[in-house]
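S.K.: I would like to see how this sequence folds:
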Amino acid sequence: MIGSQDDQLKLELKQLIIEECDKDIEPQQITDDEVLFGSDSQLELDSMDALQISMALHKKYGINTNDSKVLRKIMESINTLADYIQPK
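M.R.: Here you go, the predicted structure:
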C-alpha cells in the first residue's frame, strides 16, 4: 500500500510533526494534502522545524537525506511524506 493511502502512517506523521515542532493542534486538523511549510500554511513550519522533523524521521523510519531541496519536496504535505516513506 502506498503511504498516502495508509491512514495510520499519516496519523503517525501528523503526531510526529506536532510533537517535534511543539504545535498546539490536533492531528485531525491537519489535512493530508495541505502545505506544511511557509507563512500561508496552517502550521507555519520553518527551516528549524524541518531540521527537527528530518532528525525524527531518520530516527523512526531510517530516512537519511541531507539535500534540502529533496527534503523540502518530500515534506511538502503529509501525502508526499507518506509516499516517500512507504512508496508501495
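S.K.: Just the C-alphas of the worst-scoring helix or strand of the chain on mean pLDDT, formatted as CSV.
M.R.: When the helices and strands of the chain are scored by mean pLDDT, DSSP states H and E, helix 68-74 comes last with a mean of 87. Provided in CSV are the C-alpha atoms of helix 68-74 (Å, rounded to 0.1, in the frame of the first residue of the first chain):
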residue,chain,number,x,y,z
SER,A,68,17.5,20.5,1.5
LYS,A,69,15.7,20.6,-2.0
VAL,A,70,14.8,16.9,-1.7
LEU,A,71,13.8,17.3,1.9
ARG,A,72,11.6,20.3,1.0
LYS,A,73,9.9,18.3,-1.8
ILE,A,74,9.4,15.2,0.5
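S.K.: Run through the neighbouring helices and strands of that helix.
M.R.: Contacting helix 68-74 under the criterion 3 or more CB pairs under 8 Å, 6 or more residues apart in numbering; DSSP states H and E are the following elements: helix 47-61, helix 78-85. Every C-beta, even on glycine, is put in place using the N, C-alpha and C of the backbone.
S.K.: Single out the most deeply packed of those helices.
M.R.: helix 78-85 (a mean of 21; mean count of other CB atoms under 10 Å).
S.K.: For that helix, give the mean pLDDT please.
M.R.: Mean per-residue pLDDT for helix 78-85: 96.
S.K.: likewise stretch 7-21?
M.R.: Regarding stretch 7-21, the rounded mean pLDDT is 97.
S.K.: which residues sit against it?
M.R.: The contact list for stretch 7-21, computed with CB atoms under 8 Å, 6 or more residues apart in numbering, reads 3-4, 23, 25, 27, 30, 32, 36, 43, 45, 49, 52-53, 55-57, 60, 78-79, 81-82, 85-86.
S.K.: what's in contact with the least confident helix or strand of the chain?
M.R.: Among residues not part of helix 68-74, those counted as contacts by CB under 8 Å, 6+ apart are 37, 50, 54, 63, 65, 80, 81, 84.
S.K.: Now do the last one against residue 22, distance only.
M.R.: When CB to CB, to the nearest Å is the yardstick, residue 84 and residue 22 sit 24 Å from each other.
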